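# kindly return the folded structure for what I paste below:
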Amino acid sequence: MHNLTYRLQVVKKMAATPINPDPIPVRVLGASRHRLAAWLMLLTLWFMGHSLALAQLKPGQTAPVFKAPAALAGETFTFDLTAALAEGPVVVYFYPKAFTSGCTIEAQMFAQAIDDFKKQKTTVVGVSTDDIETLKTFSTGPCGGKFAVAADNDQSIMKAYDAALKIWPGVADRISYAIAPDGSIIDVYESLSPEDHVKRTLAAVSRWQAAQK
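Model (predicted):
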């Protein structure tokens, strides 16, 4: 329901955007009609709640390992997923763009819950295609210096995790992966609404930790 409400709000915002009054040249009318039909189809699928990301990885699959430039509390370093998994579960959450409203809310929610993740011996890292300078600021602002955010400069991480957002080329969808220390994916959650990503991933790693006892 939250995801549907979020999508409805975006659809309303798009509907309120003024339309270019310039007439469409006759020579491109056919192409424009095809383009409009494609956008309407995508918008319909989105509104109905279907993911516009590529087919994300599934629980039980092996999470692709990666290294990437990252920022934590304004300081840069190289995030190494393999090294992080050696210390316990890892939550890798993809988000579209730093400092946009949904991504700011999501980062703040992860920051507020970071102590709960630490109790589960879990590392949290956010991944986007933002440049490292932007992420240095983002890591001290919405992230509160509580967890790292990594820069997927060449989009290789996003592609490896099938986390690309189809309606915005070069940008990740909002997808969260909970990964066990052996590299297997525990849980996957996709929603453009930021509301339930923390709750879903925290529950997943908590269940995994409980099963190890």
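
# which residues of the protein fall in strands?
67-72, 75-80, 90-94, 123-128, 148-151, 175-179, 185-190 (DSSP state E).

# ok, residues contacting the shortest one?
With Cβ atoms under 8 Å, 6 or more residues apart in numbering as the test, strand 148-151 has contacts from 68-72, 77, 79, 98, 107, 124-132, 135, 138-139, 143, 157. Heads up, the C-betas are built off the backbone N, CA and C, glycines and all.

# selecting buried members of the residues you listed in ChimeraX, what would you type?
Filtering the contacts of strand 148-151 down to the buried ones (16 or more other Cβ atoms under 10 Å) takes a single ChimeraX command:
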select :68,70,71,72,79,98,107,124,125,126,127,128,129,130,132,135,138,139,143,157
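
# sorry, back to before: how about the strands of the chain in TSV, adding distance to residue 207 and mean pLDDT?
Below are those laid out as TSV (distance: least, Cβ to Cβ, whole Å; pLDDT from 0 to 100):
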stretch	distance to residue 207	mean pLDDT
strand 67-72	27	98
strand 75-80	25	98
strand 90-94	13	98
strand 123-128	17	98
strand 148-151	24	98
strand 175-179	9	97
strand 185-190	8	96
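
# rebuild these as JSON lines, extending it with distance to residue 166.
Below are the strands of the chain laid out as JSON lines (distance: least, Cβ to Cβ, whole Å):
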{"stretch": "strand 67-72", "distance to residue 166": "23"}
{"stretch": "strand 75-80", "distance to residue 166": "26"}
{"stretch": "strand 90-94", "distance to residue 166": "14"}
{"stretch": "strand 123-128", "distance to residue 166": "16"}
{"stretch": "strand 148-151", "distance to residue 166": "22"}
{"stretch": "strand 175-179", "distance to residue 166": "13"}
{"stretch": "strand 185-190", "distance to residue 166": "12"}
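
# can you pull the contacts of the residue nearest to residue 142 when sequence neighbours are not counted?
Closest residue to residue 142 apart from its sequence neighbours, by Cβ to Cβ, 6 or more residues apart in numbering: residue 107 at 3.7 Å. Neighbouring residues of residue 107 by Cβ under 8 Å, 6+ apart: 95, 126, 138, 142-143, 149.

# which among those gets closest to residue 170?
Using Cβ to Cβ, residue 95 comes nearest to residue 170 of the contacts of residue 107, at 13.7 Å.

# what about residue 112, how many residues nearby?
12 (other Cβ atoms under 10 Å).

# any idea of the pLDDT on it?
At residue 112, the model reports a pLDDT of 97.

# OK, contacts around it?
Residue 112 neighbours (Cβ under 8 Å, 6+ apart): residue 198.

# next one: residue 177
By Cβ under 8 Å, 6+ apart, the contact set of residue 177 is 57, 63, 91-93, 161, 185, 187-188.

# for the strands of the chain, which one sits closest to residue 200?
When these are compared (using Cβ to Cβ), the closest one is strand 185-190, at 4.2 Å.

# okay, the angle between the closest one and strand 90-94?
Inter-element angle recorded for strand 185-190 and strand 90-94: 20 degrees (by axes from the mean of the first three to the mean of the last three Cα atoms, to 10 degrees).
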